[in-house]
Each structure stands twice: as C-alpha cells, then as structure tokens.
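Colleague: what shape does this take:
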Amino acid sequence: MSYAEVYEGWKKDPEGFWMQAAEAIDWVKKPSKALFDENAPLYEWFCDGEVNTCYNAVDRHVEAGNGARTAIIYDSPVTHTKQDISYAELQTRVASLAGALRAKGVEKGDRVIIYMPMVPEALEAMLACARIGAVHSVVFGGFAASELAVRIDDCTPKAIIAASCGIEPGRVVHYKPLLDGAIEIAEHKPDFCVIFQREQEVAKLVDGRDVDWNAFQYGVEPAECVALKGNDPAYVLYTSGTTGAPKGVLRPTAGHLVALNWSMKNIYNVDPGDVFWAASDVGWVVGHSYITYGPLVHGNTTIMFEGKPVGTPDAGTFWRVISEHKVKSFFTAPTAFRAVKREDPKGEFVKKYDLSCLETVYLAGERADPDTIIWAQDQLKVPVIDHWWQTETGWPIAANPMGIEALPVKLGSPAVPMPGYDVQIVDDAGQPLPAGALGAIVVKLPLPPGTLPSLWNAEERFKKSYLDTFPGYYETGDAGMIDEDGYLYIMARTDDVINVAGHRLSTGAMEEVLAAHPDVAECAVIGVADDLKGQMPVGFLCLTNGVNRPHAEINAEVVKLVREKIGPVAAFKLSVIVDRLPKTRSGKILRATMASIADGKEYKMPATIDDPAILDEIKTALQGIGYAK
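Modeller: The predicted structure is shown next:
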C-alpha cells in the first residue's frame, strides 16, 4: 500500500486501523475497542485491555526463541567500555532489579525517579519499573539539585535510582552530592535511594536511606511482569522548556506500546534483529521512545552511547559506531551534525569507515536546515529524513514513512502527517488557512495512541496549555504551513514568529538563508524590540573551523543574502559572530532567553541549559551592537 492509501485507510476507519495495529502487541487481556471518548476532550486508548510494557520489550522475545539476540550494545568512548547484552541477559537483570524494588515496598502505581547517565543500568531501571507497574520519571543525569527537587515534589517518588557519577569529556560529574542536595531541599522525601556505583567515582551512602545497586539485589526473588490497564501510566517526563512549575507529560501504557511498535517498521523501516541507533539521552523523550521502548518492543538491537558527536575522541565517533555495530537506521539531532560539520566540513572522517550497513538517517529535535541535510546526504550517500514530533506526542507527527513508501524529500519539510494525526494550519482565530499560508499548527482531536492524555496531576493546566486556545484541536505551539502537496513546514515556535512592521516573519526561514552561507556552521535568529518596527531580526553566526575572513565582510554577505532570498520586508540588517550558541542539553537553541537578554528583560535560567556561561558571551555580543542594555 502507498502512504496515501494507508493514511486514507486510517481516516476512514481509525478504530479499525488502531485495533489492527494492536494485534502486534502481546496482551494479557485484549482491549474491547481502541478509542475511549467518554471524557472528551480528554481521550484515552485501549483502556480495558491489560498488558505489560516490560513483557513486550523483553520476555516475549526470549519466549519466542530470540533470547540470544543482542538487545543492548553499550558503547562508551568516555570510559573506553563496550558491552553487548542479550535479551535473555536483560530479562534476568531486569527481573532481579524489579524483585529488589518490590522487596523494598515499591508497588504498582508508585513513582520512581531515575537519575542516571547513559549506561545500560538506566534502561534496566526503566524496564524494572515497567515490570512491576511502577511509574518512572527519568531526570537528566547531572541536573541541578534545585531542579531535581522540584521534580521530586511534583511526582513524589517512593524511591530514587541514581548513579554515583556521570562522565563528560575530561571531567567527572558528581551526581550523588546533587541528589543529596535535592532531597534536602525537597519537601517530599523518598523512602530509599538505590545507588549504582561507577568505578570512576564511588559515592558515600547515607545510612538508613541509600542502598547499593548490587548489594540490595542479593538473594532477592526475581519479579514477574504485572498486568496493567491500558490507560495506567507508564511514565512521567518533564518537558525540557519548563519554567515555573514543571509540566509532567503523562504516557499511557497500551497506546505507547501500539504506536511505538507501529512506527519502528512503518517510519524507521527496521525489522526485528536490525540495529537501530538513536543518539540521544534517556533524559529526553527520544531516549524513552527510541533508545528504550520502541526498539526493544519491536525486537531490535538498540545502542546505548555514552559520548559526544565531537571530542570523544574526534568528529568521526558517529561513523565508527555505525560501522562497528552495523547500524541500519540512525537518528540524531541536526545540532549534532552541525557540530560534526563544523569540525570536519569536508567529511574526511566519513571516508575512514565502511558505512555500507547504513540505510537511512533521521533528524529531529529542532528544525533541520537544508544546508545540514545537503551536507549529510553528500557525505553519507543515504536518504537524510527530517521528521517532527514533541515530548507530548511521544512519536512522530509528521515524517517520511520509509517503511511504507519513500516519498520525495523536500528540503525544509519533515514531509507528511502520520496516520492518527489530522494536522491543520489555522489563524489566531482558529480559522483554517490556505496552502502556503503561515499560521499556527494544530492537530484535530483525538490525538492518536501513545500521545499524552493529560499532564501529571494537572488536568486543568493540560487543557489550558494545549486545548483551550483552539477548541477541538491540540495546540502544538509551532508555526508553519502546508504546501499544495500536503507537505508540512515547521517554520518556528509560535513565539519565534516575529512581527516586523506588521509583517509576520519566520525566524526559521531567515536561519535557513544564513545557514546556506559557506562560512556559517550554525546560526540563530531572534526578534528584538524596536520602537519603529515593533521587532527587528538579529542573527547570531558560528563560523566553520578555519574561517579567518574579516567578520564585517561575512556580516555584510549574510545581510545581502537575506535581502535577496526573503526580501527587504525582513529588515535584516544586524548579525554578530559568536563562538557558540546557548542550548539545552538536547541541542535546542535558547532563542527566547536570548531575546529576553537583548530586550533587557528578566529571565529564568533554563533548567536544561548546557553551559550557563554562554549567556554572558551572548550578552556581550548584543551590547556590542547596542542591545542588552
């Protein structure tokens, strides 16, 4: 079947479509129907089914005779460690950890915070929670104590599972003091903490509260999988852009399994046994969906990579991992490729490795600028597919469904909506806009299985944040357009559409033009307050390694480029060259924070910022052109 036939099939019979997709999951008790709409606009899926996530991700593959298949490949250039874990070994390890948690009083519905680096034990902790029906909440390892405390108070965990430390290039990140500090600040206190001691740093345990990962599992009876209702929560994940009270995205058990399993073949085009690598972190939604659950439920081999795209040891580390472990499908963020491209613009490292195993590359997490896609296509000689989704949805909203039909790639577009998503473009009043018009991107309710049914303990906030602005639709918070062929273009967050003298302009469109300049490795555009025009765009440029031309020349060239490609209406006159851009740890550029600095407004230091010192550099650069007073 073609993509158009599959999508139309879903539209004509969504109930039948999702019940058929549910057949690929092993149920304790099959659901009587797919959609439960009694509480609309709060929709749920497969509520009366009974199922266990860990059973589907681990045990069923062992029972089917695939226990010897590799489940996890751990590749850690920062510790010079490699390890393969089979599905049978994973089952033993997860059942043991789950049994130990149960013996310490963790039961179905209890919350467990996981505060771990990129080690296999992080996946085992997630799966052990799923095995006994505990709701996990992974907090990015190394998060500040104050931010961890906020999450402890919000989800009130019975236990916290943490590592003694994380390893960054050239330094050890001390997790245990951060954990101790967070528990001290938090009003809620966990019953106990499980500490996985790493050889790079052995942490001091608190008597009566902390238990050692290995010691507390000794002699404990392994746990069997517990049957959960379809709408029981699998996990809570706090969104990365959180300001004020955290937004805990809720993930339901059954819909999550059905949607992720469907996506592995239909979107990512992998079969059971194939090696799939998402170069992300378990602290982010990509790490939940496509390092842990998606690949394992589908019977793939997943890669747990503890390193960076550059510097561990060089800009060839991605290509080494792909070549060595025979990766078929690779998923990363555009910012990772831009870092590699900046270090190795001619792709000298690519030539050192046999990448014949690689069939497709997927980009997500932020807009993939055409220049980065073209560079990756030229170097890797495989399709480079942009696709778009959110923490809230848990799996792609728009993609090129490579397992159904490889659609023509349009640079700058994550292609077309996936079954389950009726994507529309509307104006501020919620009225549909014609093809090619820039507006708010919304999805007609109900959202498909696997997406958030609500926020953790915050139903009213869920409605206000996502449902109230455009009744009958989910508000994505992104702006863009749909072309005549039905391809979606994500141009900016709604906040990043700037108004220059009454013209609504996308900062993303300007960034696309700047990124096409041969000397520019990475860029960002923000809108700054202007007395005459309301807002004016300012560009920030990071140059490719080895460029030594006068900055004034480069600035003049990019101003001319924007004028040529977008027109004088953009009023693009100012750009500054900086060494680096402020980002979250997942690679998203902190444009709103930069705009606040430019306008001299107060701002909250984002919890997920990678390096706070960069904000001072940005402020200095802005002051050099008359802003950030």
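Colleague: contacts and neighbour counts: CA atoms only from here.
Modeller: Will do.
Colleague: so Val286 sits in a strand?
Modeller: No - under DSSP: H, G, I helix; E, B strand; the rest coil, Val286 falls outside any strand and is assigned helix.
Colleague: count of residues packed around it?
Modeller: Residues within reach of Val286, counting by other C-alpha atoms under 10 Å, total 26.
Colleague: the host helix or strand of Val112 pairs with which strands?
Modeller: Assigned by DSSP states H and E, Val112 belongs to strand 111-115. In the sheet, strand 111-115 lines up against strand 135-138 (parallel), strand 159-163 (parallel) (DSSP bridges).
Colleague: what's in contact with the following helix or strand past the first one?
Modeller: Beyond strand 135-138 in the direction of the C-terminus, DSSP H and E gives the next helix or strand as helix 145-155. Residues external to helix 145-155 that are found in contact with it (C-alpha atoms under 8 Å, 6 or more residues apart in numbering): 111, 113, 137, 139, 178-183, 185-189, 238, 245-246, 456, 607.
Colleague: so of the residues you listed, which ones are in strands?
Modeller: Counting by DSSP state E, the contacts of helix 145-155 place 111, 113, 137, 238 in strands.
Colleague: show me where the stretch 1-150 of the chain has its strands.
Modeller: Taking DSSP state E, counting those that start in this stretch to define them, one finds strands in the stretch 1-150 of the chain at 35-36, 44-45, 50-51, 70-76, 81-86, 111-115, 135-138.
Colleague: tell me which other helices or strands the longest one touches.
Modeller: I take that to be strand 70-76. Packing partners of strand 70-76 (3 or more C-alpha pairs under 8 Å, 6 or more residues apart in numbering; DSSP states H and E): strand 81-86, helix 87-103, strand 301-305.
Colleague: quick one: which of the strands of the stretch 1-150 of the chain is nearest Pro272?
Modeller: Nearest to Pro272 among those is strand 70-76 (10.5 Å), distances taken as C-alpha to C-alpha.
Colleague: what's the neighbour count on Gly208?
Modeller: Counted with other C-alpha under 10 Å, residues neighbouring Gly208 total 9.
Colleague: and for Val547?
Modeller: Using other C-alpha under 10 Å, Val547 has 11 neighbouring residues.
Colleague: adjust the sequence numbering to begin at 20 for everything that follows.
Modeller: Will do, 20 is the new start, and the previous item becomes Val566.
Colleague: spatially nearest residue to it, not counting backbone neighbours?
Modeller: Closest residue in space to Val566, ignoring its immediate chain neighbours: Asp538 at 6.6 Å, by C-alpha to C-alpha, 6 or more residues apart in numbering.
Colleague: the one you found and Gly565 touch, don't they?
Modeller: No - counting by C-alpha atoms under 8 Å, Asp538 does not reach Gly565; the two are 9.2 Å apart.
Colleague: which of those two has more residues huddled nearby?
Modeller: Neighbours were tallied for Asp538 and for Gly565 using other C-alpha under 10 Å; the higher tally belongs to Asp538 (19 against 10).
Colleague: need the buried ones from the contacts of helix 164-174 selected in ChimeraX.
Modeller: The buried residues among these can be selected in ChimeraX (16 or more other C-alpha atoms under 10 Å) with this line:
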select :130,132,156,158,197,198,200,201,202,204,205,207,208,257,265,475,626
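Colleague: strand partners (parallel or antiparallel) of the worst-scoring helix or strand of the chain on mean pLDDT?
Modeller: Here the helix or strand of the chain ranked lowest by mean pLDDT, DSSP states H and E is strand 522-525, holding a mean of 72. Using DSSP bridges, the strands paired with strand 522-525 in its sheet are strand 516-519 (antiparallel).
Colleague: which residues does the partner strand contact?
Modeller: 498, 523-526, 546, 552-556, 588-590.
Colleague: narrow these to those in strands?
Modeller: Under the assignment DSSP E, the contacts of strand 516-519 contribute 498, 523-525, 546, 553-556 to strands.
Colleague: of the residues you listed, which pair is most distant in space?
Modeller: For the ones in strands among the contacts of strand 516-519, the maximum inter-member distance is 19.5 Å, found between Ala498 and Gly553 (C-alpha to C-alpha).
Colleague: looking at these two, which one has more neighbours?
Modeller: Between Ala498 and Gly553, counting by other C-alpha under 10 Å, Ala498 is the more crowded of the two (24 against 14).
Colleague: Glu362: how many residues sit nearby?
Modeller: Neighbour count for Glu362, taken as other C-alpha under 10 Å: 21.
Colleague: so what are the domain limits for this protein?
Modeller: Domain ranges of the chain: 107-245, 520-642, per automatic domain parsing.
Colleague: mind checking the pLDDT average for the longest one?
Modeller: Averaging pLDDT along domain 107-245 yields 96.
Colleague: how about the helices in the stretch 120-269 of the chain?
Modeller: 139-151, 164-174, 194-204 (DSSP state H, counting those that start in this stretch).
Colleague: and the contacts of stretch 417-431?
Modeller: Applying C-alpha under 8 Å, 6+ apart, the external contacts of stretch 417-431 come out as 20-22, 284-289, 386-389, 392, 404-408, 433-437, 507-509.
Colleague: now, which of the residues you listed lie within helices?
Modeller: Among the contacts of stretch 417-431, the members falling in helices (DSSP state H) are 22, 284-285, 389, 392.
Colleague: which residues in the stretch 270-419 of the chain form helices?
Modeller: For the stretch 270-419 of the chain, the helices defined by DSSP H, counting those that start in this stretch occupy 272-285, 304-306, 313-317, 336-344, 353-362, 389-399.
Colleague: for the stretch 470-619 of the chain, same thing?
Modeller: Using DSSP H, counting those that start in this stretch, helices in the stretch 470-619 of the chain cover 478-481, 526-534, 570-584, 610-617.
Colleague: out of these, deepest packed?
Modeller: Mean neighbour count (mean count of other C-alpha atoms under 10 Å) peaks for helix 526-534 among the helices of the stretch 470-619 of the chain, with a mean of 23.
Colleague: what's that helix packed up against?
Modeller: In terms of contacts (3+ C-alpha pairs under 8 Å, 6+ apart), helix 526-534 is packed against helix 389-399, strand 507-512, strand 539-549, strand 553-562, helix 570-584.
Colleague: neighbouring contacts of the fourth one?
Modeller: So that's strand 553-562. With C-alpha under 8 Å, 6+ apart as the test, strand 553-562 has contacts from 361, 517-520, 526, 530, 533, 538-549, 589-600.
Colleague: and for the last one?
Modeller: By C-alpha under 8 Å, 6+ apart, the residues outside helix 570-584 that reach it are 529, 532-533, 536, 538, 589-596.
Colleague: now do 6 Å
Modeller: 592, 594 (C-alpha atoms under 6 Å, 6 or more residues apart in numbering).
Colleague: then stretch 475-483?
Modeller: Here stretch 475-483 makes contact (C-alpha under 6 Å, 6+ apart) with 267, 269, 473-474.
Colleague: and what of stretch 71-90?
Modeller: By C-alpha under 6 Å, 6+ apart, the residues outside stretch 71-90 that reach it are 104-107, 146, 149-150, 246-247, 315-316, 320.
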